[in-house]
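Q: structure for this input, please:
(chains A, B and C)
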Amino acid sequence: MTVDELSFYAAMAGTVAFAISAVLSVAERRIDLFAAVVLGTITAVGGGTIRDIILDVPVFWATELIYIWLSVASCVAAFVAYRFFKHRFVGALVLYMDGFGAALFGVQATGKVWDLGFALPIAPVILGVITAIGGGLIRDVLAQRQTLLMSRELYAVPVLIGCILFTLILAYAPEYRLEGSIFCIGLIFAIRAAAIHWSLQVPEWAMMGFRRQ
Amino acid sequence: MTVDELSFYAAMAGTVAFAISAVLSVAERRIDLFAAVVLGTITAVGGGTIRDIILDVPVFWATELIYIWLSVASCVAAFVAYRFFKHRFVGALVLYMDGFGAALFGVQATGKVWDLGFALPIAPVILGVITAIGGGLIRDVLAQRQTLLMSRELYAVPVLIGCILFTLILAYAPEYRLEGSIFCIGLIFAIRAAAIHWSLQVPEWAMMGFRRQ
Amino acid sequence: MTVDELSFYAAMAGTVAFAISAVLSVAERRIDLFAAVVLGTITAVGGGTIRDIILDVPVFWATELIYIWLSVASCVAAFVAYRFFKHRFVGALVLYMDGFGAALFGVQATGKVWDLGFALPIAPVILGVITAIGGGLIRDVLAQRQTLLMSRELYAVPVLIGCILFTLILAYAPEYRLEGSIFCIGLIFAIRAAAIHWSLQVPEWAMMGFRRQ
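A: As a prediction, this is how the structure comes out:
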C-alpha cells in the first residue's frame, strides 16, 4: 500500500467517524433522518469546506464525491443502527475514531495550506484547526447545542499543538514531512485519547475568571 | 410572456414571500426595524449566497440588485403593516407563498448547478436544498430560534425530493427540462401545501430515538 | 504621518479594541484561553473575512498577517489582564475603542467595495455593515449569546447611516473622499459614543410589536 493510498483510506475512516459521532451526539434530540444526514454531513465536510472557501480553491468534495456519499451512508447507518452505536464499546470506538479524524484532518489541512503558500506561517495552523473543528461548530450551532469552545473538553488544543508542530517541521525540516505528519497525527491522537480515557479537562489556570473564587 | 419573464416574476414573488414570512416569524420577539430588514433579507438571499460562494461564482444579487431592493422593501412593508400580515387569511397566503418560494429556489438552483457541471450528480441536489433552506437557517441561528432541522415540520424533505427528481430529469430526459422544472416545483409545493393545510409532520418511524418508548 | 500610515494605525487600534472587547464580553462564561483567542480573533477579523469572500477577493489578513498576530496578542493580554480590563475606566475605554473600530471598519469597507465597483450602490453599504458587525455576530452565535440584532442597543444603525452617507459622498462628491471618510467615521463614533454615554436605545416606535400594548 502506498502512502497516498494509506492517506486516502485514513481520510475515509475519519469521514465515517465524524459523520457517525455527529449523529450520535445529536441523538438525544428527537431529530428525523433528514436532519441526521444534514448535521452529520456538515460535521464531516464542513470544516474542509470553510478552509477551501477561505483559500479560494474548489471545495475538496466537488472533485471527490466519495466524501459526500460515504458521509451520507454513515449517517443513515448511524440513524438506523442507533442502538448498536450506543453500545458502550462501539460508542467508545467511535469517540476514538472521531479523535483520530480530527488529528488527521487538521494535519492534512496544514500540509495543503503550506503547499499553497497561503499566508505563511499562520494560515496553515489556523486553517488546520478550522478544518478539524469547523464542521462540529456548525453542527452544534444548528442543533442549538453548546459549542466545544464553551466547554472544558480537551479537543481543539491538541489539534492546535499538532498543527503548530507540523508547520515548524514543514518550515525547518521539510525532508521529514512524511515522518513528521505521522508523528503529529499520533501526538494529537495520543493527547485526545488520554483526554477521553482519563476524562481530562482544561486545567483551572487556563480558565477565564478563575481568580474570582 | 416568455419563459424567462415568467421565471423572473416567479423569483420576485418568492423573494417577497421569503422576506415577509421571515419578518413575521421573528415578530414575536421585540426586534427593531433594522433587525427585521437584516433577518428578512438574509432569509431571502442567504441560501443563494452560500450556493454561489461554494460554486465560486459571483453572488447572484451582485448583478441583479433588484433582489436586494425588493427584499428590503418587503421587510419594511412587513414591519409597518405587521398587523395586516398577522391577519389569518393574509398570514396563510404568505405561508403558502413561502412554500412556493422554497420550491422555486430549490429547483432553479438545481438547474443552475447542473448547467455549471459542478460536482454532478450530487451538488445540484445539495445546493438546491441549501438554496431553499440556507437563508432560513441563518435567520434562526441569529434570532436564537430553533432551526427547522430540529423541528418536525415537513419543509426541507419535499425540496429534497423535488431536487432529486429534477436532477434525474436533467440527466435522463433533458429535452423535458421546462416541463420537468414546472412539475418538480409543483410537486414540492403540493407536498408543502398539504403539510401546511393538514399540519402534517415527519412520521414517527423517521424520527431518531423512537425505539426508546 | 501620511494618510496611509494614519489609516493603518487606526485599523490596528480598531483590531485591538475589537479583540479585547470580545474577550471581555464573553468573560462572564468560564471559557479557556483557547476559546478566548478564537472568539476574540473571529470578532476582530470575521466581518472583513465574510466581506472578502462575498467580493471573491483574497481575505485581507492573508497578505497582512499583522491583523492576526495583533488580534491573538490582544486576546491573550485581555485574558491574562482580565481584572485590569474589568476596571471601570479601562472597560469604558475599550467600549469606546470598540465603537471607533466599528466606525472605521465600516467606512473603510465601504470605500474598498466602492473601488472594486462591486454591485453599486448597495453592496458598499451592505458589506460596510457586515464588516463592522459580522465578526461580533459569529462570536455571539458560537458563545450562545443573544446577538445584537435581537437587542435594543444602538450599534449597527449608526454604522448603517455612516456607510450610506459615505456611499453618497463617493457617488456625488468623490473629490471629498478623505474629508468625507473622516466625517463619516466621526459621525458613527459620535452617535455610538452618545449611545454608550447616555445608554440610548432603539426608540419604541422603531420596535416591532409595539402596538400590542
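Q: for chain A, which segments count as helices?
A: Applying DSSP state H to chain A gives helices spanning A:3-25, A:33-55, A:60-63, A:66-80, A:82-86, A:88-116, A:122-142, A:156-172, A:177-197.
Q: make JSON lines out of the ones you listed and add distance to residue B:43.
A: C-beta here means a position set from N, CA and C on the backbone, and glycine is covered the same way. Converted to JSON lines, the helices of chain A look like this (distance: least, C-beta to C-beta, whole Å):
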{"stretch": "helix A:3-25", "distance to residue B:43": "26"}
{"stretch": "helix A:33-55", "distance to residue B:43": "18"}
{"stretch": "helix A:60-63", "distance to residue B:43": "26"}
{"stretch": "helix A:66-80", "distance to residue B:43": "26"}
{"stretch": "helix A:82-86", "distance to residue B:43": "33"}
{"stretch": "helix A:88-116", "distance to residue B:43": "32"}
{"stretch": "helix A:122-142", "distance to residue B:43": "15"}
{"stretch": "helix A:156-172", "distance to residue B:43": "31"}
{"stretch": "helix A:177-197", "distance to residue B:43": "38"}
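Q: what lies in contact with the lowest-mean-pLDDT helix or strand in chain A?
A: With mean pLDDT, DSSP states H and E as the measure, the helix or strand of chain A carrying the lowest mean pLDDT is helix A:82-86 (a mean of 76). Where contact means C-beta atoms under 8 Å, 6 or more residues apart in numbering or on different chains, the residues beyond helix A:82-86 that reach it are A:20, A:23-24, A:27, A:78, A:90-91, A:94, B:208-209, B:211.
Q: output stretch A:163-183 as PDB - backbone C-alpha positions only.
A: C-alpha atoms of stretch A:163-183 as PDB (Å, rounded to 0.1, in the frame of the first residue of the first chain):
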ATOM      1  CA  CYS A 163      -0.700  21.800  13.600                       C
ATOM      2  CA  ILE A 164       1.900  24.200  15.000                       C
ATOM      3  CA  LEU A 165       4.400  21.400  15.300                       C
ATOM      4  CA  PHE A 166       3.800  20.200  11.800                       C
ATOM      5  CA  THR A 167       4.100  23.800  10.500                       C
ATOM      6  CA  LEU A 168       7.500  24.000  12.200                       C
ATOM      7  CA  ILE A 169       8.600  20.700  10.600                       C
ATOM      8  CA  LEU A 170       7.500  21.900   7.200                       C
ATOM      9  CA  ALA A 171       9.400  25.100   7.700                       C
ATOM     10  CA  TYR A 172      12.700  23.800   9.200                       C
ATOM     11  CA  ALA A 173      12.800  20.100   8.300                       C
ATOM     12  CA  PRO A 174      10.800  19.600   5.100                       C
ATOM     13  CA  GLU A 175      12.700  16.400   4.400                       C
ATOM     14  CA  TYR A 176      10.900  14.700   7.300                       C
ATOM     15  CA  ARG A 177       7.500  15.700   6.000                       C
ATOM     16  CA  LEU A 178       6.100  12.100   6.000                       C
ATOM     17  CA  GLU A 179       7.500  11.100   9.300                       C
ATOM     18  CA  GLY A 180       6.500  14.500  10.800                       C
ATOM     19  CA  SER A 181       2.900  14.200   9.600                       C
ATOM     20  CA  ILE A 182       2.600  10.700  11.100                       C
ATOM     21  CA  PHE A 183       4.200  11.900  14.400                       C
END
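Q: any idea of the mean pLDDT in it?
A: For stretch A:163-183, mean pLDDT is 95.
Q: pull the distance from it to the chain's centre.
A: How far stretch A:163-183 lies from its chain's middle: 19 Å, per C-alpha atoms, centre = their mean, to the nearest Å.
Q: buried ones in that stretch, by neighbour count?
A: Neighbour counts over stretch A:163-183 (16 or more other C-beta atoms under 10 Å in any protein chain shown) mark A:163-167, A:169-170, A:180-181, A:183 as buried.
Q: nearest residue to the middle of chain A?
A: Centroid-nearest residue in chain A: residue A:102, 2.7 Å away (criterion: C-alpha atoms, centre = their mean).
Q: the nearest residue to it once chain neighbours are set aside: what's it in contact with?
A: Once flanking residues are discounted, residue A:102 sits nearest to residue A:132: 4.3 Å by C-beta to C-beta, 6 or more residues apart in numbering or on different chains. With contact set as C-beta under 8 Å, 6+ apart, residue A:132 has these partners: A:47, A:102-103, A:105-106, A:109, A:156, A:159.
Q: re the thing from before, dump the buried residues of stretch A:163-183 to JSON lines, plus distance to chain C.
A: Output for the buried residues of stretch A:163-183, formatted as JSON lines (distance: C-beta to the nearest C-beta, whole Å):
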{"residue": "A:163", "distance to chain C": "13"}
{"residue": "A:164", "distance to chain C": "12"}
{"residue": "A:165", "distance to chain C": "16"}
{"residue": "A:166", "distance to chain C": "18"}
{"residue": "A:167", "distance to chain C": "13"}
{"residue": "A:169", "distance to chain C": "20"}
{"residue": "A:170", "distance to chain C": "17"}
{"residue": "A:180", "distance to chain C": "23"}
{"residue": "A:181", "distance to chain C": "23"}
{"residue": "A:183", "distance to chain C": "22"}
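Q: quick check, nearest of those to residue B:141?
A: Closest approach between the buried residues of stretch A:163-183 and residue B:141, by C-beta to C-beta: residue A:163, at 27.3 Å.
Q: wait, isn't the closest one in contact with residue A:106?
A: Yes. Taking contacts as C-beta atoms under 8 Å, residue A:163 lies within contact range of residue A:106: 5.3 Å.
Q: residues that sit against both of these two, list them.
A: Overlap of the contact sets of residue A:163 and residue A:106 (by C-beta under 8 Å, 6+ apart) consists of A:128-129.
Q: returning to what we had before: run the chain-centre distance for the least confident helix or strand of chain A.
A: From the chain centre to the centre of helix A:82-86 is a distance of 21 Å (C-alpha atoms, centre = their mean).
Q: now do the buried residues in that helix.
A: Buried, per 16+ other C-beta under 10 Å, within helix A:82-86: A:82, A:85.
Q: residue A:33: neighbour count?
A: 18 (other C-beta atoms under 10 Å in any protein chain shown).
Q: which residue packs closest to it, ignoring adjacent ones?
A: Using C-beta to C-beta, 6+ apart, the nearest residue to residue A:33 is residue B:206, at 4.9 Å.
Q: any low-confidence regions in chain A?
A: A:1, A:209-213 (pLDDT under 70).
Q: tell me which parts of it are close to chain B?
A: A:23, A:27-36, A:38-39, A:49, A:53, A:56, A:58-59, A:61-63, A:65, A:68-69, A:79, A:82-83, A:141-144 (C-beta under 8 Å from any C-beta of the partner chain).
Q: buried only: go through the residues you listed for me.
A: A:23, A:27, A:29-36, A:38-39, A:49, A:53, A:56, A:59, A:61-62, A:68, A:79, A:82, A:141-144.
Q: related to what we said a few turns ago, for chain C, see how far away the residue nearest to residue A:33 is.
A: As judged by C-beta to the nearest C-beta, to the nearest Å, residue B:206 and chain C stand 28 Å apart.
Q: what sits against that residue?
A: A:32-34.
Q: kindly report the same for residue A:14.
A: Contacts of residue A:14 (C-beta under 8 Å, 6+ apart): A:97, A:100-102, A:104-105.
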